[in-house]
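Asker: Got a predicted structure here, sequence first:
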Amino acid sequence: MSKAPVRSSTDGDPMTDFAATKAMFALPEGMIYLDGNSLGPMPRATAERVRHTIEDEWGEMLITGWNKAGWMQKPTAIGDRIARLIGAEPGHVVMGDTLSIKVYQAVASALELNPTRKVVLSDSGNFPSDLYMVEGLTKSLGPDYTLRVVDPEEVSAHITDDVAVLMLTEVDYRTGRKHDMKALTEQAHAAGVVTVWDLAHSAGALPVDLAGCKADFAVGCTYKYLNSGPGGPAFIYVAPRHADAARPALSGWLGHAAPFDFDLNYKPGNGIERMRVGTPPVLQLAALEASMDIWDMADMADVRAKSIELCDLFITEVEARCPDLILASPRDGAGRGSQVSFRFHEGYAAMQALIARGVVGDFRAPDIMRFGFTPLYIDEGDVRAAVDIIEDVMTNALWDRPEYKTRNAVT
């Protein structure tokens, strides 16, 4: 399928047609969806793209689809399309597996590149799964290895010469607080530290410049801002200077140099190919392709500018009309991702009341009401309509009902 040309705002004028992109999403009637930072909505083209893959490729080609339909090449082909959004060099991003698996891969490889040091530094704003994966990895490696977790504001002060790897999520999943990737990477490298960046709340939300920042490794998921659907595949980036040196701790057969030689001894593939592990999730990759066709129409500078504009409007309106909600996100748009969080002592119940009235955000313990803003399908009218409903719920305490206080399995 042909791709739309990539646009650029080189003359300072927005080039992305957000009305056109909004029309390409299947948004339920009567819903204002402010949770794309958790699960992105489905593009209208996704169902047909997946149907084609199921019926015309799998159904008609069966196993020959690996060759005829190019299934085997999709992880790197789609990786190159994501590379544009995260400032990565072509040929250095590959798709597959879950984000937790990719975190494990990246940190394990980064530790081996820095063998005389045993400390992984992270912060308390990191997503817990990242910390769990590293905790498990360090325990497997032995008692000399340590995960050191500090407050987000204290990261810079703890980049010392005993640290092997700095692992950070660029945008805090609760508050949207944004780390300075370039500054922290430069400081880490000056101290001999290898960096791993989690872009789960960055890819598709704001411009990322992995190559310009000289990041060593990066990982991210695609079911949030990139709209690949629930359980969509993750990606991993390895900088060119490490691509043929990084040893994959998870030595899966598709990361082998010649998987169909069925060699009993593992030989890593060239470059990013060695970071493949298992069989590519072909159906999810097909769904992601449909989303990437929309992203090919977008310029990340335009997306970022519109995102800040929408978030600023939301903050202004909520604070003026809902004094019980306390801003938890950075007020300066340059210092946050594409989400806004407010604290409220009954945040879970309040969010359930909003969802019942068609404004969908989510809740993060202990008291965070979280709202995501994606300009590809959210506009100023949506923001103002959402705040009208939020004001009604908060002013009239519509959240104070028993059914809104019973926790669901997913919050």
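Answerer: Yep, that arrived.
Asker: tell me the SS of M167?
Answerer: Secondary structure assignment for M167 (DSSP: H, G, I helix; E, B strand; the rest coil): strand.
Asker: Just give me the neighbour total for it.
Answerer: By other C-beta atoms under 10 Å, the residues close to M167 number 25. Every C-beta, even on glycine, is put in place using the N, C-alpha and C of the backbone.
Asker: Over to V150?
Answerer: By other C-beta under 10 Å, the residues close to V150 number 16.
Asker: That one against N126, yeah?
Answerer: No: V150 lies out of contact with N126 (C-beta atoms under 8 Å); the separation is 10.4 Å.
Asker: can you give me the strands for the stretch 101-250 of the chain?
Answerer: Along the stretch 101-250 of the chain, the segments classed as strands by DSSP state E, counting those that start in this stretch run 119-123, 146-150, 163-169, 194-198, 217-220, 235-238.
Asker: In the stretch 101-250 of the chain, where is pLDDT below threshold?
Answerer: Scanning the stretch 101-250 of the chain for pLDDT under 70 picks out no residues.
Asker: what residues are up against E186?
Answerer: C213, K214 (C-beta atoms under 8 Å, 6 or more residues apart in numbering).
Asker: what separates it from T195, distance-wise?
Answerer: 10 Å (C-beta to C-beta, to the nearest Å).
Asker: export the strands of the stretch 101-250 of the chain to JSON lines and tack on distance to D302?
Answerer: Formatted as JSON lines, the strands of the stretch 101-250 of the chain follow (distance: least, C-beta to C-beta, whole Å):
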{"stretch": "strand 119-123", "distance to D302": "30"}
{"stretch": "strand 146-150", "distance to D302": "35"}
{"stretch": "strand 163-169", "distance to D302": "24"}
{"stretch": "strand 194-198", "distance to D302": "23"}
{"stretch": "strand 217-220", "distance to D302": "20"}
{"stretch": "strand 235-238", "distance to D302": "22"}
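Asker: and T64, which of the ones you listed is closest to it?
Answerer: strand 235-238 (26.9 Å; C-beta to C-beta).
Asker: helices or strands up against the closest one?
Answerer: Under the contact criterion of 3 or more C-beta pairs under 8 Å, 6 or more residues apart in numbering; DSSP states H and E, strand 235-238 touches helix 74-86, strand 93-95, helix 99-112, strand 217-220.
Asker: average pLDDT across the shortest one?
Answerer: The average pLDDT within strand 93-95 is 98.
Asker: so how far is that strand off the chain centroid?
Answerer: Distance, stretch centre to chain centre, for strand 93-95: 13 Å (C-alpha atoms, centre = their mean, to the nearest Å).
Asker: do stretch 396-408 as well
Answerer: Offset of stretch 396-408 from its chain centre (C-alpha atoms, centre = their mean): 30 Å.
Asker: If we go by neighbour counts, what in that stretch is buried?
Answerer: For stretch 396-408, a neighbour-count test (16 or more other C-beta atoms under 10 Å) marks L398, W399, Y404 as buried.
Asker: Next: stretch 211-227.
Answerer: 211, 213-227.
Asker: Going by distance to D296, which of those wins?
Answerer: The closest of the buried residues of stretch 211-227 to D296 turns out to be L226 (C-beta to C-beta; 12.0 Å).
Asker: Name the nearest residue to that closest one, ignoring sequence neighbours.
Answerer: Leaving aside its sequence neighbours, L226 sits nearest to G204 (C-beta to C-beta, 6 or more residues apart in numbering; 4.7 Å).
Asker: show me the contacts for that neighbour.
Answerer: G204 sits next to L85, K224, Y225, L226, N227, W295, V303, T374 when contact means C-beta under 8 Å, 6+ apart.
Asker: Which ones among these lie within helices?
Answerer: L85, W295, V303 (DSSP state H).
Asker: Select only the buried ones of these in PyMOL?
Answerer: Command for PyMOL that selects the buried part of these, burial taken from 16+ other C-beta under 10 Å:
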select buried, resi 85+295+303
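Asker: which one of the ones in helices among the contacts of G204 is nearest A110?
Answerer: Nearest to A110 among the ones in helices among the contacts of G204 is L85, at 22.6 Å by C-beta to C-beta.
Asker: from what I can see the closest one touches L206, true?
Answerer: No: L85 is beyond contact range of L206, at 9.7 Å (criterion: C-beta under 8 Å).
Asker: Residues that sit against both of the two, list them.
Answerer: With contacts defined as C-beta under 8 Å, 6+ apart, the residues shared by L85 and L206 are M300.
Asker: For I315, which non-adjacent residue is spatially closest?
Answerer: Nearest non-adjacent residue to I315, counting by C-beta to C-beta, 6+ apart: V340, 5.9 Å away.
Asker: same deal with V219?
Answerer: Of all residues not flanking V219 in the chain, K102 sits nearest, at 4.0 Å (C-beta to C-beta, 6+ apart).
Asker: And R384, by the same measure?
Answerer: Distance criterion C-beta to C-beta, 6+ apart; nearest residue to R384, sequence neighbours excluded, is E317 at 6.8 Å.
Asker: pLDDT value on E346, please?
Answerer: 97.
Asker: measure it to L398 for me?
Answerer: 11 Å.
Asker: can you check C221 too?
Answerer: When distance is defined by C-beta to C-beta, C221 is 33 Å away from L398.
Asker: quick one on the thing from earlier: just the closest of the ones in helices among the contacts of G204 to G278, please.
Answerer: The closest of the ones in helices among the contacts of G204 to G278 turns out to be L85 (C-beta to C-beta; 24.5 Å).
Asker: What is the end-to-end distance of stretch 24-37?
Answerer: Using C-alpha to C-alpha, to the nearest Å, the span of stretch 24-37 from its first residue to its last is 18 Å.
Asker: So what touches it?
Answerer: With contact meaning C-beta under 8 Å, 6+ apart, stretch 24-37 is reached by 41-46, 201, 205, 224-225, 227, 294, 337-339, 358-362, 370-374, 376-378, 382, 385-386, 389.
Asker: try 7 Å this time
Answerer: Applying C-beta atoms under 7 Å, 6 or more residues apart in numbering, the external contacts of stretch 24-37 come out as 41-44, 201, 224-225, 294, 338-339, 358-362, 371-374, 377, 382, 385-386.
Asker: Run the chain-centre distance for that stretch.
Answerer: 18 Å.
Asker: ditto for stretch 190-200
Answerer: Here stretch 190-200 is found 16 Å from its chain centre; the criterion is C-alpha atoms, centre = their mean.
Asker: That's all I had, so thanks and see you.
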